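Colleague: Sequence first, then the predicted structure, then my questions.
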Amino acid sequence: MTELEKVPLVDIDPDGTFKYVLIRVSYREGLEDHSDIVRGYGWAEYHVASEIEKGRVLDCECLGGGRISHSSGSKKIHIYGYSLGFGRAKHSVSMELIKTKYPDYEVTWSDEGY
């Protein structure tokens, strides 16, 4: 398994409303392989990428962000809004990634709100 394959595509908090980022992870050596991943935590503001890069041969580029509302009890995730620092992520891409981890959830997105 490569370093890139070891990075989970989706890692978000199990409940609540929180900021998220869509990140492109690639090799520092300039290889063309990359993965887009979703990260969203109530505790993390802007240092998520440094945790992924730490001790690895990977670089991270933030493609944008927004917010996620996650209710594990009702199995619903809603992606919306934008990041003041990174701009709006392509929520449709984030939604498809999230569906890979939560296939039995209702996952929706909107460009509305902050």
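Modeller: In hand now; what should we look at?
Colleague: Flag the shaky bits of the protein, pLDDT-wise.
Modeller: Per-residue confidence for the chain (pLDDT under 70) gives these ranges: 30-31, 44-55.
Colleague: what residues are up against the residue of it most remote from its centre?
Modeller: Largest separation from the mean C-alpha position in the chain: Glu29, at 23.1 Å (Cα atoms, centre = their mean). Contact partners of Glu29, counting by Cβ atoms under 8 Å, 6 or more residues apart in numbering, are Val57. C-beta here means a position set from N, CA and C on the backbone, and glycine is covered the same way.
Colleague: how close does it get to Tyr41?
Modeller: Separation of Glu29 from Tyr41 (Cβ to Cβ, to the nearest Å) stands at 29 Å.
Colleague: Output the host helix or strand of Leu97 as PDB, nothing but the C-alphas.
Modeller: Using DSSP states H and E, Leu97 falls within helix 91-101. C-alpha atoms of helix 91-101 as PDB (Å, rounded to 0.1, in the frame of the first residue of the first chain):
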ATOM      1  CA  HIS A  91     -19.600  20.300  -2.600                       C
ATOM      2  CA  SER A  92     -20.700  17.800  -5.300                       C
ATOM      3  CA  VAL A  93     -17.200  16.200  -5.100                       C
ATOM      4  CA  SER A  94     -17.200  16.200  -1.300                       C
ATOM      5  CA  MET A  95     -20.600  14.600  -1.300                       C
ATOM      6  CA  GLU A  96     -19.500  11.700  -3.600                       C
ATOM      7  CA  LEU A  97     -16.400  11.100  -1.300                       C
ATOM      8  CA  ILE A  98     -18.600  11.200   1.800                       C
ATOM      9  CA  LYS A  99     -21.000   8.700   0.200                       C
ATOM     10  CA  THR A 100     -18.100   6.200   0.000                       C
ATOM     11  CA  LYS A 101     -17.800   6.200   3.800                       C
END
